[in-house]
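A.B. asks: Sharing a model prediction with you, sequence too.
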Number of protein chains: 2
Amino acid sequence: MSEDERLPQPATADIDLVTLLHALGDPVRMTLLLSYADGREHSCGPRDLGLDHLHKSTVSHHMRVLREAGVTTTRVAGRNRFVSLRRTDLDARFPGLLDALLAAATATPLRRKAVGP
Amino acid sequence: MSEDERLPQPATADIDLVTLLHALGDPVRMTLLLSYADGREHSCGPRDLGLDHLHKSTVSHHMRVLREAGVTTTRVAGRNRFVSLRRTDLDARFPGLLDALLAAATATPLRRKAVGP
């Protein structure tokens, strides 16, 4: 698979902790993370992601934030795009963090919408 | 120490993961977390926190975000306020998360300012 088939993303060594936390400090993006936690590739349709109450452009925005933060990788295949979690990269960059985040997210309900700057 | 001597903060069971990540997804607040990681009480002065390039009201805002997210507790003693990390509460609420965050933050330089909504 060539590099050209991926949308732009930071190298593993360039994944920044604060940017990562900012990306995950949003209920929609945390919901996406939980979807991607299965390790599979996911299509980008809001319906496929259980987010059909959101506009497609809103979902696209959230997916871009996750990709640019280094959380996900997006493979382009013709007109389709497939998103998956960068688990190996994240585990290498921040050992234990992803597991702790996923454990916290699955142990507690996602409730409040993050507010403020 | 009575409840009246603390500024308002969420109960441990009400600490929300997304709100917590949003709070820490900011370079100033991550810097504050690293200061508080020593477990001691800290005064609120920007100079004491190594943040004397920021206005006092800006630092106060960031400290409020951390407190309202459940990251810190603020003890009021007369005209003074002392801030410390809620390590026991955070460890109880999200086991392993704080340690993973602090390990990630100390292993990598804090670089980018989080941007976007």
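C.D. replies: That came through, no problem.
A.B. asks: hmm, the lengthiest helix in chain A touching chain B?
C.D. replies: As assigned by DSSP state H, the longest helix anywhere in chain A is helix A:56-69. Yes: Helix A:56-69 is in contact with chain B by CB under 8 Å from any CB of the partner chain, via A:Val65. For the C-beta atoms, the positions are set from N, CA and C on the backbone; glycine is no exception.
A.B. asks: what do you get for stretch A:71-91?
C.D. replies: No: among the residues of stretch A:71-91, none lie within reach of chain B under CB under 8 Å from any CB; the closest is 10.0 Å away.
A.B. asks: hmm, who's touching that stretch?
C.D. replies: Residues outside stretch A:71-91 that contact it (CB atoms under 8 Å, 6 or more residues apart in numbering or on different chains) are A:1, A:5-7, A:9, A:12, A:15, A:20, A:23-24, A:32-33, A:36-37, A:39-44, A:63, A:66-67, A:70, A:97-99.
A.B. asks: Pull out the buried members of those residues.
C.D. replies: For these, a burial check counting by 16 or more other CB atoms under 10 Å in any protein chain shown picks out A:9, A:15, A:20, A:23-24, A:32-33, A:36, A:41-42, A:63, A:66-67, A:70, A:97-98.
A.B. asks: hang on, the earlier thing: can you point out the buried residues in the longest helix of chain A?
C.D. replies: Neighbour-count burial for helix A:56-69 flags A:59, A:61-69 (criterion: 16+ other CB under 10 Å).
A.B. asks: Tell me the one among those residues nearest to chain B.
C.D. replies: A:Val65 (6.3 Å; CB to the nearest CB).
A.B. asks: Please, which helix or strand holds A:Thr106?
C.D. replies: Assigned by DSSP states H and E, A:Thr106 belongs to helix A:97-107.
A.B. asks: export that helix as CSV, just CAs?
C.D. replies: C-alpha atoms of helix A:97-107 as CSV (Å, rounded to 0.1, in the frame of the first residue of the first chain):
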residue,chain,number,x,y,z
LEU,A,97,-2.5,5.7,27.5
LEU,A,98,-4.9,4.3,24.9
ASP,A,99,-5.7,1.3,27.0
ALA,A,100,-6.4,3.5,30.0
LEU,A,101,-8.5,5.8,27.9
LEU,A,102,-10.6,3.0,26.4
ALA,A,103,-11.0,1.4,29.8
ALA,A,104,-12.2,4.7,31.2
ALA,A,105,-14.5,5.3,28.3
THR,A,106,-16.1,1.9,28.4
ALA,A,107,-16.4,1.9,32.2
